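Participant: structure for this input, please:
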Amino acid sequence: MDTQRPHPLVIVKLGSTFDALRARQGDFEHWIADGLGMQALPLLVVDPRRGDALPDPALVSGVVVTGSHAMVSHREPWSEATAAWLAQAVALDTPVLGICYGHQLLAHALGGEAGDHPLGAEVGTVTVALDEAAAADPLLNGLPARFPAHAVHWQSALRLPEGAVRLAGSEHEPIHAFRVGGHAWGVQFHPEFDADAMRGYIEMLAGELASQGADPGSAARARGRYRCRVQPARAFRSDRGDPPGRGLTTP
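Facilitator: Below is the predicted model:
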């Protein structure tokens, strides 16, 4: 039996933000670390895209899977390997939080389906509405029934895994949050984004959105001054007794 403590909280980095945003604000893993707040566990960042080995899921305190500009449906080898690893982590009841791409990959890993949203992209600050099941959810309970959140996605979790509980949706996206078991969540929205990050994405994507018939100005007006009220650290304050961690390291 392994008794070494503390085990790290692992950020699985599956993508990077735009170069201009990264130069100003850092990358996804930094935004997530900031969102986790004050912590007692080390944070370990692993990037399967560059060949980093994923740790034994039994020897980590929790997992956060980042967003990505890639598409889950493309089934990249690094993505499929991460999906298999996530399934192992969930089977071990390791706390998991998948964000955007991570949300879709978690659904895919556990037998659901991820793919192109039939209505196209959702970009901007959107209103997310909680389902009744969220009232008793350890991550989402206490949030308003409707709250603003930042979103940037072309693909979605189209079908949830068997036994998954839908927790929230928006007018555009029916599955903005779900839970599997007691300690694994996916959120399509970005709790790690602040208004500057959302503004940066709208500016970077304006041409692509316009070419697809969307109104970038509408997305820009919607961005507001919001930061999502979901606190990612709550996903890792569970009956396992492991507090969240701090201090970014890489393999």
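
Participant: what are the ranges of the strands in the stretch 51-200 of the chain?
Facilitator: Ranges of strands within the stretch 51-200 of the chain are 62-65, 96-99, 113-116, 122-130, 146-153, 155-159, 165-170, 177-180, 184-187, based on DSSP state E, counting those that start in this stretch.

Participant: just the CA trace of the third one, in CSV.
Facilitator: Extracted as CSV, the C-alpha positions of strand 113-116 are listed here (Å, rounded to 0.1, in the frame of the first residue of the first chain):
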residue,chain,number,x,y,z
GLU,A,113,-20.3,10.6,-27.4
ALA,A,114,-18.5,13.8,-28.3
GLY,A,115,-18.8,15.6,-31.6
ASP,A,116,-19.8,18.7,-33.5
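
Participant: contact partners of that strand?
Facilitator: 72-73, 104-105, 107-108, 154-159 (C-beta atoms under 8 Å, 6 or more residues apart in numbering). Yep, even glycine has a C-beta here, placed from its N, CA and C like the rest.

Participant: strand partners (parallel or antiparallel) of it?
Facilitator: strand 155-159 (antiparallel) (DSSP bridges).

Participant: which outside residues touch the strand it pairs with?
Facilitator: Residues contacting strand 155-159 (C-beta under 8 Å, 6+ apart): 71-73, 103-104, 107-108, 112-117, 173, 175, 178, 186, 188.

Participant: and His117, what does it touch?
Facilitator: 153-156, 158, 172-173.

Participant: nearest to Ala40, out of the strands of the stretch 51-200 of the chain?
Facilitator: strand 62-65 (12.3 Å; C-beta to C-beta).

Participant: so where's the protein uncertain?
Facilitator: 1-5, 38-39, 213-251 (pLDDT under 70).

Participant: grab the most central residue of it for me.
Facilitator: The residue lying closest to the centre of the chain (C-alpha atoms, centre = their mean) is Ile99, at 0.7 Å.

Participant: quick revisit: now, which of the contacts of strand 113-116 sits nearest Ile11?
Facilitator: Using C-beta to C-beta, Leu105 is the member of the contacts of strand 113-116 that sits closest to Ile11, with 14.1 Å.

Participant: now do that closest one against Gly200, distance only.
Facilitator: Distance of Leu105 to Gly200, given as C-beta to C-beta, to the nearest Å: 24 Å.

Participant: which one of these two has more residues nearby?
Facilitator: Taking other C-beta atoms under 10 Å, Leu105 and Gly200 do not tie; Leu105 has more neighbours (25 against 19).

Participant: and the more buried one, what does it touch?
Facilitator: 14, 65, 72, 79, 82-83, 86, 98, 114.

Participant: who wins on neighbours among those?
Facilitator: Val65 (29 neighbours).

Participant: neighbours of the nearest residue to that one once chain neighbours are set aside, how many?
Facilitator: Excluding the flanking residues, the one nearest Val65 by C-beta to C-beta, 6 or more residues apart in numbering is Gly102, at 2.9 Å. The tally of other residues near Gly102 (other C-beta under 10 Å) stands at 30.

Participant: same check, this time on Leu106
Facilitator: 34.

Participant: could you measure from the residue lying closest to it once chain neighbours are set aside over to Ile202?
Facilitator: In this structure, Leu106 finds its nearest non-sequential neighbour in Gly98, 3.9 Å apart by C-beta to C-beta, 6+ apart. Applying C-beta to C-beta, the value for Gly98 to Ile202 is 23 Å.
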